[in-house]
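In: could you look at this predicted model? Sequence included:
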Amino acid sequence: MRTDSSANTASSATKHSVRKAVIPAAGLGTRFIPATKAMPKEMLPVVDKPAIQYVVEEAVRAGLENVLMITGRNKRPLEDHFDGVPLLEQTLEKKGDHERLADVRRASELADIHYLRQGDAKGLGHAVLRGKLYVGGEPFAVLLGDDLIDEQDELLSRMIEVQAATGGSVVALIEVDPSEVSSYGCADIQAVEGEDYVKINELVEKPQPADAPSNLAIIGRYVLHPAVFDVLEETGPGRGGEIQLTDALQTLANSDAEGGGVYGVVFRGNRYDTGDKLSYLKAVVKLASERDDLGPDLRAWLKDFVQSGV
């Protein structure tokens with residue numbers, strides 16, 4: 001691993017603080033069929049909130065209150081969830097159920113959320129490109145709805161800081177078992193002297209373990225320079241016949257132009273892949289066990305359940 005003593009000078013685009021988030025949410029959720037036959041995978045409940053609400057809340061905690069969701073067919077429940085529900089609110093108010101009333105209103109008051117259809121399902125890169133007019137010439141965040149980051153762990157805010165410092169684009173990385181790298185995009189990195197982030201030399205989409213440059217995998221958090229849009233417009237279909245965001249980032253990693261350079265923040269906190277059944281169940285159990293209203297009883301039951309061997 002080489003050492004790079006300097007990062008790119010921050011570009012003019014980074015004079016804008018990151019204000020906008022793009023959340024691709026057009027996937028079919030085939031891994032959760034039949035549950036997702038008629039319900040978007042993003043609406044699967046994690047304890048008592050849909051997974052997508054955790055993602056929007058994460059964006060808001062990082063100061064991003066302008067959100068664009070890239071959606072597709074059968075995604076109307078996403079819009080309904082973040083909209084007001086006057087009849088339900090009136091009913092709860094008449095009952096004096098102020099706690100549930102606050103929960104209902106919280107979703108509709110979280111952020112300024114807009115929706116745009118992806119149209120043809122041409123991959124993540126295409127979904128991000130659909131946000132070009134909304135984002136404009138500013139750096140922006142991309143949050144994938146399958147990844148939940150524990151609210152106790154800082155990630156997105158740190159990525160925004162790194163983007164401002166480098167003027168490039170930033171990806172989130174985690175260490176995975178080498179046998180799992182074929183499920184991710186993987187990174188070849190070099191250290192940046194005196195910093196806690198790394199510089200990306202190469203990105204490989206879903207390599208075989210023998211071909212992977214490392215066991216550092218890209219997860220669903222990005223803070224991107226708007227130069228990525230021009231690159232995506234010129235990026236042809238890659239792996240799986242789709243326009244891969246990873247391919248566009250590889251081009252930027254090799255670029256010395258404004259907005260060039262890709263950096264990584266290695267995340268060591270709690271992350272759950274809600275697109276995977278086992279990881280989804282772990283998220284539900286862990287988040288429920290940490291709650292004051294559910295945790296004590298759930299932890300006691302889990303202890304008895306494990307000890308019983310049932």
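Out: Perfect, thanks for sending it.

In: C-alpha only now, for contacts and for neighbours.
Out: Fine.

In: what strands flank the helix or strand hosting residue 263, and is each parallel or antiparallel?
Out: Assignment of secondary structure by DSSP states H and E places residue 263 within strand 262-266. Note on strand 262-266: by DSSP bridges, its sheet partners are strand 169-175 (parallel), strand 198-205 (antiparallel).

In: mean neighbour count, the ones you listed: which tops it?
Out: strand 169-175 (a mean of 24; mean count of other Cα atoms under 10 Å).

In: after that strand, which helix or strand is next?
Out: strand 185-192.

In: send the alpha carbons of that next one over as PDB?
Out: The C-alpha coordinates for strand 185-192 follow below in PDB (Å, rounded to 0.1, in the frame of the first residue of the first chain):
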ATOM      1  CA  GLY A 185     -17.500  -3.400  -5.500                       C
ATOM      2  CA  CYS A 186     -13.900  -3.500  -4.000                       C
ATOM      3  CA  ALA A 187     -11.200  -0.900  -3.700                       C
ATOM      4  CA  ASP A 188      -7.400  -0.800  -4.100                       C
ATOM      5  CA  ILE A 189      -6.300   2.000  -1.800                       C
ATOM      6  CA  GLN A 190      -3.300   4.100  -0.700                       C
ATOM      7  CA  ALA A 191      -3.000   6.000   2.600                       C
ATOM      8  CA  VAL A 192      -3.200   9.800   2.800                       C
END
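
In: tell me the mean pLDDT for that strand?
Out: In this model, strand 185-192 carries a mean pLDDT of 90.

In: now do stretch 142-162
Out: 92.

In: from the rest of the structure, what touches it?
Out: 18, 21-25, 42, 51-52, 54-55, 58-59, 62, 128, 170-172, 197, 219-224, 263, 265, 267, 269-275 (Cα atoms under 8 Å, 6 or more residues apart in numbering).

In: what about burial for these, which qualify?
Out: By neighbour count, with 16 or more other Cα atoms under 10 Å, the contacts of stretch 142-162 hold 18, 21-25, 42, 51-52, 54-55, 58-59, 62, 128, 170-172, 197, 219-224, 263, 265, 267, 271-275 as buried.

In: those residues in strands, which ones?
Out: Residues of these located in strands (DSSP state E): 21-24, 170-172, 219-224, 263, 265, 271-273.

In: quick one, what contacts residue 269?
Out: Counting by Cα under 8 Å, 6+ apart, residue 269 makes contact with 149, 150, 153.

In: pull out the buried members of these.
Out: Listed as buried from the contacts of residue 269 are 149, 150; burial here means 16+ other Cα under 10 Å.

In: among the contacts of residue 269, which one lies nearest to residue 232?
Out: residue 149 (26.7 Å; Cα to Cα).

In: what bridges to the closest one?
Out: residue 271.

In: gap between it and residue 122?
Out: Per Cα to Cα, to the nearest Å, residue 149 is found 26 Å from residue 122.

In: number of nearby residues for residue 38?
Out: As a burial measure, residue 38 scores 10 neighbours (other Cα atoms under 10 Å).
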